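# The following comprises the amino acid sequence and a computationally predicted model.
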Number of protein chains: 2
Amino acid sequence: MTRERLYLFDTTLRDGAQTAGVDFTLEDKIEVAGMLDRLGVDYVEGGYPGANPTDTEFFAAPRTSHAIFTAFGMTKRAGRSAANDPGLQGVLRAKAEACCFVAKSWDFHVREALGITLDENLETIRDTVAASVAAGRETMVDCEHFFDGWKANRDYALACAKAAYEAGARWVVLCDTNGGTTPEEVAEIVASAATVVPAGKLGIHAHDDMGLAVANSLAAVRAGARQIQGTLNGLGERCGNANLTTLIPTLKLKPDFAERYEVGVPDESLSALAQLSRAFDELLNRPSNRHAPYVGANAFATKAGIHASAILKNPRTYEHVTPDSVGNHRRLLVSDQGGKSNLLSELARVGVEVDRSDPRLDRLLADVKAREAQGYAYEGAEASFALMAKRALGRVPDFFTVESFRVMVERRHNALGELVTMSEAVVKVTVDGEPLITAAEGIGPVNALDVALRKDLGRYQPYIADLRLTDYKVRILNGGTEAVTRVLIESTDGDGEAWTTVGVSPNVVDASFEALVDSLTYKLLKAGAPAP
Amino acid sequence: MTRERLYLFDTTLRDGAQTAGVDFTLEDKIEVAGMLDRLGVDYVEGGYPGANPTDTEFFAAPRTSHAIFTAFGMTKRAGRSAANDPGLQGVLRAKAEACCFVAKSWDFHVREALGITLDENLETIRDTVAASVAAGRETMVDCEHFFDGWKANRDYALACAKAAYEAGARWVVLCDTNGGTTPEEVAEIVASAATVVPAGKLGIHAHDDMGLAVANSLAAVRAGARQIQGTLNGLGERCGNANLTTLIPTLKLKPDFAERYEVGVPDESLSALAQLSRAFDELLNRPSNRHAPYVGANAFATKAGIHASAILKNPRTYEHVTPDSVGNHRRLLVSDQGGKSNLLSELARVGVEVDRSDPRLDRLLADVKAREAQGYAYEGAEASFALMAKRALGRVPDFFTVESFRVMVERRHNALGELVTMSEAVVKVTVDGEPLITAAEGIGPVNALDVALRKDLGRYQPYIADLRLTDYKVRILNGGTEAVTRVLIESTDGDGEAWTTVGVSPNVVDASFEALVDSLTYKLLKAGAPAP
């Protein structure tokens, strides 16, 4: 049975740029375009040339792209010719093989927002498409609010889609702009559009305001759409656009779809999808969603011991696809709910090879459980877990020893009578038998300790130069007076690898210091620092 | 037209506890159960009594709940009678009106995981349900892997559902345990189950491994399911369970569903849903998903200027529901229109009565926005919010003034050569113009400051005698170098009332001290301490 081709249209650089807090530089855009090209999407929408300098420069920049590079724009103003519409001409002048124009298809919007007649709007659609086709561009029309428009005035919404198609548009894209449409409505309305636009020319553009963007995109495909618009990690205004990092694995791995349709994304890209997703979050400088379908760090994480042992017997029991098919990892969380199976697979994951029958394993498992009972949480702190395991197996040199530390935080009125707070730390360590004492000020006590501790590690200093703290979390466990403080510290370095370490103590400074020392030690091991 | 009743079953405290990094204390569970009760779900699954101390204590704890309190357990072991199965008896002894038993319904699992015959499994289902019904419990069965089981061996999966129903189960819940089923498959398979279990007795339990948990739950309802299982904020193993904070607004606000079905959640709860969702994340000490449907901080955030002005003309243009219908706010580039009414309703919630036309409201609204921009989070700290509001309205006397403080943490070897850490604080305050200086040691710097601060407040000392710190949370916001620390402190007193205060500063000790002072001031107001 021959499969039908589905086309993926990425709008990360255009609709994704509408995300609150996201602001792509030219360099960002060039890097993302490269990621998308490696991923293997069919269309990359680069932005709105003429609308802002970044987008204009981006289209002017040299590029080598397999994907069809697409410029976004608006249909021409009513009452002026395409040739005399500067906005439209700016888009047509851009270096792009395709142009995507947004057009109103909800009568209410034509009147409210544009303030023109319904016929004038149809005419702007026809003229815009004709001008773009004449300019040799593969042309598509985003029918804004198509689903709400169809519900309000079916005939007019269909007339807009028909006008775009008849004027020569390669794609007529139906947009659920407000994200308020259900999959059943999408199925019905796409089928209705398919009566005026032939199969193979309809696209879907869904938003996630009801958590249904992925479901709506899939429903549209079943109803006849052959182009799916979406973004990396579901970036986009409000709740985001349809998430391509969720859709791609479903389309390629689920028989329901894989047997009927094929997409341009090669298997090699699919098996690197998790890395791509995390690299994109790195570029946005935001934490990745650990629970994201397929690509999240926890997407294949299992806590319950019973499930864990079943998975080791046969992964099919609790995994709907294999983690490596999307470049992800299975994680059997080491927690008081888990057993030896979890421990072994976690050890393998953090790169500790040990024989199942090694007697030291039982002691390690006992240690893990004992320390978790004290409040350590290794499922959230794999670097500390790796260190603990390697120590139990005698593979961690004592790079340095902390003799003592002191940290002081003082708030007082300064000479100007302003309330100021200062933090100062002194740390004494021994490296190769040589005592080292450092002092530092910081924005807070932990920062002061961190700065002082990393100020002078003797011969190990070069190995920790690129270490950075990126997150710090504190939780009080079993509340009340006997409270214990758990600190989680996330660090990163030049490679962009991030690792988390844990410290537990009744004293938040002690706990923080323990996590800091673990982070340093982890980094020294990672950097291959020589044993003393 | 009369609407059919849908029942909401919350499993945040059971399946949600399987989330990586989530580790509920007894106090957490009690607080979450209260949130769920206020929300108005029909069933609260509290956990697995007998499986671990926390769950056992939780069921033993006193409670007043409108929701039907449900104990989770496993079907009895094959080859032993229900009466002789300690696990089952533990569940039936628990103080709960309902019991939910997980049962295998995929033949492959019965053989692989249980290693018993298909008939033995059917018998354990029957006996378990019968024993639970005989014990007077409303009884339900979670058919684990029902959808995969149906695809592998339809007759057997249906036989399991039928056995549960015929033995007297009120609910037969179909679980997509691995989250790998599509909405079309869900529709077909639920309809098939409806041929052996009568309408009104089927439930759906969906996971989000393909980003379809919400869509699958809705598809199941259309196909005949009348109970939906889910969690707050979609908590749950791997990618999480169906998100009730997404489903509830869709069921209550979307005509597609609202015209056909009704749920037990009252409108007042719906209009406080965003606050509930954020308060729950605060309890988990994790950042809220700003892009979450309906409740996310950005769910109604519009960046595009054109969209913004259209929204101001008519919100319908770019909003599928109104933000305040779910307790959320519209965020536009231009000034926030819904702000004042939101503020008024939050003031009413913390017991601050003020006239809508009071000019001081505008200043307060500006202050709240400014402080939230700095990192203050009042959803999770209503005591600080109440104080701030009362200060703006001039109703908070300056009971005491902090002149300065100093805290020192030192780790060193003691006379016995042991590593010890001590914390010592000195605090200078003025009460009624009288300078007071106190010093104290503590288990950590914040504890030392707390003890010193409360050691001598002069005439106010008696009013704070019964104050206790019960929780302490720290989070770093907008990470990196410009990081700001947010501290949340929960306090309680003789009445057992608990209140939370917030402090924000680059310095964790400063932030903690600010939250401590707010807590003291809140307590002094509460205790009716006289103004100086």
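Done, it's in.

# Which residue does the stretch 201-350 of chain A have closest to chain B?
Ranked by CB to the nearest CB, the top residue of the stretch 201-350 of chain A for proximity to chain B is A:His320, at 2.6 Å. (C-beta placed from N, C-alpha, C; glycine too.)

# Mind pulling up the pLDDT for that residue?
According to the predicted model, the pLDDT of A:His320 comes to 92.

# same question, A:Glu482
For A:Glu482, the predicted pLDDT is 59.

# thinking again about what came up before, need the contact list for the residue of the stretch 201-350 of chain A closest to chain B.
A:His320 sits next to B:178-180, B:209-210 when contact means CB atoms under 8 Å, 6 or more residues apart in numbering or on different chains.

# Tabulate these (JSON lines), appending pLDDT, distance to B:Val32 and secondary structure.
Shown next, in JSON lines, are the contacts of A:His320 (pLDDT from 0 to 100; distance: CB to CB, whole Å; DSSP: H, G, I helix; E, B strand; the rest coil):
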{"residue": "B:Asn178", "pLDDT": "95", "distance to B:Val32": "26", "secondary structure": "coil"}
{"residue": "B:Gly179", "pLDDT": "97", "distance to B:Val32": "23", "secondary structure": "coil"}
{"residue": "B:Gly180", "pLDDT": "96", "distance to B:Val32": "28", "secondary structure": "coil"}
{"residue": "B:Asp209", "pLDDT": "98", "distance to B:Val32": "24", "secondary structure": "coil"}
{"residue": "B:Met210", "pLDDT": "98", "distance to B:Val32": "27", "secondary structure": "coil"}
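
# check those residues against chain A, which are close?
Residues shared between those and the neighbourhood of chain A are B:178-180, B:209-210 [CB under 8 Å from any CB of the partner chain].

# Chain A: which of these is nearest?
Chain A has its nearest neighbour among those in B:Gly180, at 2.6 Å by CB to the nearest CB.

# Enumerate the helices of the stretch 351-500 of chain A by residue range, in sequence order.
For the stretch 351-500 of chain A, the helices defined by DSSP state H, counting those that start in this stretch occupy A:360-374, A:382-392, A:445-455.

# hang on, I meant the stretch 101-250 of chain A
Using DSSP H, counting those that start in this stretch, helices in the stretch 101-250 of chain A cover A:107-109, A:118-134, A:146-152, A:154-166, A:183-193, A:213-222, A:244-253.

# Which of those has the highest mean neighbour count?
The highest mean neighbour count among the helices of the stretch 101-250 of chain A, using mean count of other CB atoms under 10 Å in any protein chain shown, belongs to helix A:213-222: a mean of 27.

# for that helix, what is the average pLDDT?
In this model, helix A:213-222 carries a mean pLDDT of 98.

# With stretch A:444-452 instead?
So the average pLDDT for stretch A:444-452 ends up being 93.

# just stretch A:497-505 next, same as before
What stretch A:497-505 shows for mean pLDDT is 91.

# How about that stretch, which residues are buried there?
Within stretch A:497-505, the residues that qualify as buried are A:498-505, counting by 16 or more other CB atoms under 10 Å in any protein chain shown.

# Let me see the residues that make contact with it.
A:371, A:374-378, A:380-384, A:387, A:470-471, A:484-492, A:510-516, A:518-519, A:522, A:526, B:421, B:444.

# Now do that stretch: distance to the chain's middle.
Computed by CA atoms, centre = their mean, to the nearest Å, the chain-centroid distance of stretch A:497-505 equals 22 Å.

# Same check on stretch A:274-285?
With CA atoms, centre = their mean as the basis, stretch A:274-285 stands 5 Å off its chain's centre.

# so where is the stretch 351-500 of chain A shaky, pLDDT-wise?
Applying pLDDT under 70 to the stretch 351-500 of chain A flags residues A:478-482.

# Which positions in it make contact with chain B?
Contacts of the stretch 351-500 of chain A with chain B, taken as CB under 8 Å from any CB, map to A:377, A:379-380, A:402-413, A:421, A:423, A:443-446, A:470-481, A:483, A:485.

# wait, which of the helices of the stretch 101-250 of chain A is closest to B:Val173?
helix A:213-222 (21.1 Å; CB to CB).

# Mark out where each domain of chain A begins and ends.
According to automatic domain parsing, chain A comprises the domains A:4-256, A:401-526.

# any idea which of those is most buried?
Sort the domains of chain A by mean neighbour count, taking mean count of other CB under 10 Å, and domain A:4-256 sits at the top with a mean of 22.

# Quote the end-to-end distance of it.
Distance across domain A:4-256, first residue to last, is 13 Å (CA to CA, to the nearest Å).

# Stretch A:328-348 too?
15 Å.

# Next: stretch A:296-311.
Stretch A:296-311 has an end-to-end distance of 19 Å (CA to CA).

# tell me, which helix in chain A spans the most residues?
Determined from DSSP state H, the single longest helix within chain A is helix A:508-526.

# can you give me how far that one is from the chain middle?
In terms of CA atoms, centre = their mean, the centre of helix A:508-526 is set 27 Å apart from its chain centre.

# if we can go back for a sec, and the contacts of A:His320, which is closest to A:Ile125?
B:Met210 (35.5 Å).

# OK, contacts around the closest one?
Counted by CB under 8 Å, 6+ apart, B:Met210 has contacts A:214, A:246, A:250, A:254, A:293-294, A:320, B:179-180, B:182.

# which one of the residues you listed sits closest to B:Ala134?
Relative to B:Ala134, and with distances defined as CB to CB, the nearest of these is B:Gly179, at 34.5 Å.
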